[in-house]
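Chemist: Quick check, what structure comes out for this input:
(one chain, ligands or ions: 1)
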Amino acid sequence: MNFDNYFSKKSAIVTGGASGIGNALTETLLRNGAKQVVIADINPENLDRQISRLTELFPGQISGILTNVTKENEVSEMIDQAAAFFGGKIDLIFNNAGAGLSGEFEKLSNEDWEKGFALNFYGALYGIRHVIPYMKKQGGGQIVNTISGIAWSPMAFQSMYAATKAALCQLGLTLRYELWDDHIKVNTATPGTTATAIFTGTSAPDYAQTPMQSAARILKGVQNNDRLILGDDLDVEGARNAFNPDVDDQNAADQYFLEVARDRKRGKWRF
Ligand SMILES: NC(=O)c1ccc[n+]([C@@H]2O[C@H](COP(=O)([O-])OP(=O)(O)OC[C@H]3O[C@@H](n4cnc5c(N)ncnc54)[C@H](O)[C@@H]3O)[C@@H](O)[C@H]2O)c1
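Modeler: Predicted structure coming up:
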């Protein structure tokens with residue numbers, strides 16, 4: 001995909017970049033002229049492996065920082081270290097780290113909910129909070145938050161995933177306008193259904209795209225500064241249908257989500 005040199009000479013942080021979509025975002029940025037990328041991830045083995053692999057391809061342009069994004073102090077320290085690696089300027093941050101939380105609502109404890117929000121919502125919020133001072137000082141930047149189509153296409157037994165990503169969706173959409181005049185662009189991105197480790201324990205549907213396909217679509221949206229970047233055609237359709245007040249469409253949505261819920265209740269995990 002051609003990004004018209006948009007990423008050329010830019011520096012970027014990618015959280016959760018040691019696997020899946022974040023890893024593909026990292027590699028695609030570097031292949032398209034990015035100056036340097038920092039991967040912040042909690043998984044030390046994957047982080048080491050990916051940093052070695054990418055260092056071979058892009059020596060001096062990649063650094064890994066072991067980070068648990070649920071800890072605000074770790075995120076702020078990671079951002080300071082990344083800025084130092086970049087020589088002071090952070091052009092982009094991809095708040096991508098996250099997990100596909102599932103479970104029957106009645107079995108989820110408050111502790112489960114707190115952990116879910118700590119990762120999928122607060123992890124990104126901390127990234128945003130601590131990158132803003134750098135971006136304001138340097139006169140601008142770009143923040144990309146990874147949500148999911150589930151933010152508006154609610155699937156039973158994934159209430160926590162839907163709620164955390166819907167919260168992050170609205171945080172990003174709101175900040176887009178709050179930060180606009182500071183020249184900080186904020187994009188909210190769904191990756192589309194993508195075959196990654198997120199499907200461990202189940203299997204990705206046949207139509208799932210590759211992480212590289214997802215990354216390409218997200219980065220095109222970042223280049224275009226799209227308000228909402230929709231990672232595949234199903235997410236586009238889902239976004240159109242979800243809040244359509246037309247009664248027939250509402251009934252069709254009910255029917256579809258009810259069928260998914262009933263199948264899942266019977267043990268058939270479908271989307
Ligand atoms: N794969 C899909 O179909 C899909 C669809 C919609 C949204 N998403 C979202 O895309 C993002 C990337 O997911 P993926 O599919 O590449 O999954 P993945 O499991 O391959 O990658 C997630 C990465 O996040 C890291 N991570 C987890 N907890 C962390 C923490 N506390 N601190 C730092 N890093 C942490 C993991 O170590 C891993 O490297 C997630 O936010 C996910 O919710 C994925």
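Chemist: Every contact and neighbour count from this point should use C-alpha atoms.
Modeler: Noted.
Chemist: Tell me how far the residue nearest the centre of the chain lies from the ligand.
Modeler: Residue closest to the average C-alpha location in the chain (Cα atoms, centre = their mean): residue 146, at 2.2 Å. According to Cα to the nearest ligand atom, to the nearest Å, residue 146 stands 5 Å off from the ligand.
Chemist: next one: phi and psi at that residue?
Modeler: Backbone torsions for residue 146, taken as degrees, to the nearest 10, come to phi -90, psi 120.
Chemist: If it is in a bridge, with which residues?
Modeler: residue 189 (DSSP bridges).
Chemist: Surely it and residue 188 touch.
Modeler: Yes. Assessed by Cα atoms under 8 Å, residue 146 is found in contact with residue 188 at 6.2 Å.
Chemist: Can you tell me the element the nearest residue to residue 117 once chain neighbours are set aside falls in?
Modeler: Distance criterion Cα to Cα, 6 or more residues apart in numbering; nearest residue to residue 117, sequence neighbours excluded, is residue 164 at 5.7 Å. Per DSSP states H and E: residue 164 is located in helix 159-178.
Chemist: now the helices for the stretch 151-271 of the chain?
Modeler: Along the stretch 151-271 of the chain, the stretches classed as helices by DSSP state H, counting those that start in this stretch are 159-178, 211-224, 233-242, 247-265.
Chemist: Could I get the buried residue list for the first one?
Modeler: By neighbour count with 16 or more other Cα atoms under 10 Å, helix 159-178 contains the buried residues 159-169, 171-173, 175-176.
Chemist: So which of these is the closest to residue 141?
Modeler: Closest approach to residue 141 among the buried residues of helix 159-178 (Cα to Cα): residue 176, at 11.7 Å.
Chemist: dump the residue contacts of that closest one.
Modeler: Residue 176 makes contact with 184-187, 227, according to Cα atoms under 8 Å, 6 or more residues apart in numbering.
Chemist: One more: residue 198?
Modeler: Taking Cα under 8 Å, 6+ apart as the contact definition, residue 198 lies against 99-100.
Chemist: let's go with 10 Å and repeat that
Modeler: 19-20, 98-101, 204 (Cα atoms under 10 Å, 6 or more residues apart in numbering).
Chemist: Looks like the residue nearest to the centre of the chain contacts residue 171 (just checking).
Modeler: No. Using Cα atoms under 10 Å, residue 146 makes no contact with residue 171, being 11.5 Å away.
Chemist: what do these two both touch?
Modeler: By Cα under 10 Å, 6+ apart, residue 146 and residue 171 have these common neighbours: 124, 165, 188.
Chemist: give me the element the first one is part of.
Modeler: What that stands for is residue 124. In the assignment (DSSP H and E), residue 124 maps to helix 123-138.
Chemist: Tell me which other helices or strands that helix touches.
Modeler: strand 11-15, helix 72-86, strand 92-95, helix 110-117, strand 141-146, helix 159-178, strand 184-190 (3 or more Cα pairs under 10 Å, 6 or more residues apart in numbering; DSSP states H and E).
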